[in-house]
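Trainee: Build me a model:
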Amino acid sequence: VQLQASGGGLVQPGGSLRLACAASGFSLDYYAIGWFRQAPGKERERVSCLSSSDGSLYYADSVKGRFTISRSSAKSTIYLQMNSLKLEDTAVYYCAASSNCRGPYNYWGQGTQVTVSS
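Mentor: Prediction:
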């Protein structure tokens, strides 16, 4: 089981980025993929989750209306479209897999840095 996160970068406030989490070694049909973030000095926060196994969808209040999680048509990649980015969205973003959105998350990808700065 492997997860590969990508798509981070430097963006100005109000800008957009799309993160991708490519899964290999297992089928997303039976797993939930969650996006998490951790800023320096802060606890890790679950940002969003999409479960193909039970259809559940989750967004943290801090990103509702701005972030959208989706699955690729090829079914092996989960995207996190991030719009209207704010300074406080700056963090390392991780994707992780679980049997459902509530966790526990047993498989983690490496992080991708998102920096929102003017």
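Trainee: Just the pLDDT at the most centrally placed residue in the chain, thanks.
Mentor: In the chain, the C-alpha closest to the average C-alpha coordinate belongs to Trp35, at a distance of 2.7 Å (Cα atoms, centre = their mean). The pLDDT attached to Trp35 in the predicted structure is 98.
Trainee: I'd guessed it sits against Ala97; true?
Mentor: No - taking contacts as Cβ atoms under 8 Å, Trp35 lies outside contact range of Ala97: 11.3 Å. All C-beta atoms are positioned from the backbone trio N, CA, C, and that covers glycine.
Trainee: one step back: give the partner strands of the host helix or strand of the residue nearest to the centre of the chain in its sheet and their orientations.
Mentor: Element membership of Trp35 [criterion: DSSP states H and E] is strand 32-38. For strand 32-38, the paired strands and their directions (DSSP bridges) read strand 45-51 (antiparallel), strand 91-98 (antiparallel).
Trainee: Which parts of stretch 50-62 count as buried, going by neighbours?
Mentor: Judged by neighbour count (16 or more other Cβ atoms under 10 Å), stretch 50-62 contains these buried residues: Leu50, Ser51, Ser52, Tyr58, Tyr59.
Trainee: Including distance to Leu3, could these go into a markdown table?
Mentor: Putting the buried residues of stretch 50-62 into a markdown table (distance: Cβ to Cβ, whole Å) gives the following:
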| residue | distance to Leu3 |
| --- | --- |
| Leu50 | 13 |
| Ser51 | 15 |
| Ser52 | 14 |
| Tyr58 | 18 |
| Tyr59 | 20 |
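Trainee: which of those residues has the weakest pLDDT?
Mentor: In terms of pLDDT, the weakest of the buried residues of stretch 50-62 is Ser52, which scores 85.
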